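1. Take this sequence and fold it.
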Amino acid sequence: MAALQGAVESTAPVSRLHLNESFSLDDFPVPSGREEEWRFTPLRRLRRLHSDTSAASGKVAVGGDAVPPVSAVLAQRSDRRLGAAFVPADRVSARAFASFEEAMVITVPPETQSDRPTVVSVRGESSEGAAFGHTLIEVGANARAAVVLDHSGSATYADNVEIVVGDGAALTVVSLQDWDDDAVHVSHHYAVLGKDARLQHTAVTLDRGCADPGRGGWDRYV
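-> Below is the predicted model:
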């Protein structure tokens, strides 16, 4: 029992992905594929999302459909709420955070009981060039809500999804990858839960492979 308690209370990283966390791209060397955390990811299929630092030029349209009092709005990257709930743990995540222009922010006020899911539509227009995105989902205390992240079209796309669930709140997140066959998508999902909060997270990838290096709360879709 003492050994178990020590393991639970330890602050040591639970995987190699926790060893290095930073918003700076310079803090992450370009992976070769031999690293433990990257060895199950087909780097050749990422179209240099893990290495290229050139300016973004891809075309991806993002929209939100929410029923009040839930809101889904675009925010500038200068919004102080963005990046408050996570720190990137690899090069692609850091590059996505450094490169997005606008973020989709979904806000569920406290005590809200939402019967209809909020849908975030991510539509790619071309796989030429890279595009980057960011989504923040904030659920107030004792609220109930569902969010669907619907991806489709053609794109070379990397993004981060921040999920913040307040005390006593419950959130269901469904991430649907229904891209065209030429699309590449690398997505990192991070969640912070308050006291007695609940999160149900489901990822569905259609007609594409999925590589998950095994970190809880973190997904890499390819």
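
2. Flag every buried residue along stretch 108-123.
-> V108, P109, T112, S114, P117, T118, V119, V120, S121, V122 (16 or more other C-beta atoms under 10 Å). All C-beta spots, glycine's among them, are computed from the backbone N, C-alpha and C.

3. From those, pick the one nearest A72.
-> T118 (5.6 Å; C-beta to C-beta).

4. any idea how far the closest one lies from E36?
-> 36 Å (C-beta to C-beta, to the nearest Å).

5. Please spell out the segments of this structure that come in under the pLDDT threshold.
-> By pLDDT under 70, the low-scoring segments of the chain are 1-18, 54-55, 207-222.

6. let's see 50
-> Judged by pLDDT under 50, the chain has its weakly predicted residues at 1-10, 208-222.

7. mind listing the strands in it by residue range?
-> 59-65, 71-76, 102-108, 118-139, 144-165, 170-179, 184-193, 198-205, 210-211, 220-221 (DSSP state E).

8. Nearest to T53, out of these?
-> Nearest to T53, of all those, is strand 118-139, at 10.2 Å by C-beta to C-beta.

9. Work out the gap between the closest one and the centre of the chain.
-> Relative to the centre of its chain, strand 118-139 is centred 10 Å away, using C-alpha atoms, centre = their mean, to the nearest Å.

10. now swap in stretch 104-123 and tell me
-> Mean-position distance between stretch 104-123 and its chain equals 16 Å (C-alpha atoms, centre = their mean).

11. cool, and stretch 178-194?
-> Distance, stretch centre to chain centre, for stretch 178-194: 6 Å (C-alpha atoms, centre = their mean).

12. Pull up the distance across it, start to finish.
-> In stretch 178-194, first residue to last residue: 31 Å (C-alpha to C-alpha, to the nearest Å).

13. What of stretch 155-174?
-> Its start and end residues considered, stretch 155-174 measures 20 Å (C-alpha to C-alpha).

14. Would you mark the buried spots in it?
-> Buried positions in stretch 155-174, judged by neighbour count with 16+ other C-beta under 10 Å: 155-166, 168-171, 173-174.

15. Same question for stretch 42-49.
-> Within stretch 42-49, the residues that count as buried by 16+ other C-beta under 10 Å are L43, L46, R47, L49.

16. and if you look at stretch 191-207?
-> Neighbour-count burial for stretch 191-207, counted by 16+ other C-beta under 10 Å, picks out A191, L193, A197, L199, A203, T205.

17. just how off-centre is it within its chain?
-> Relative to its chain's centre, stretch 191-207 lies at 11 Å (C-alpha atoms, centre = their mean).
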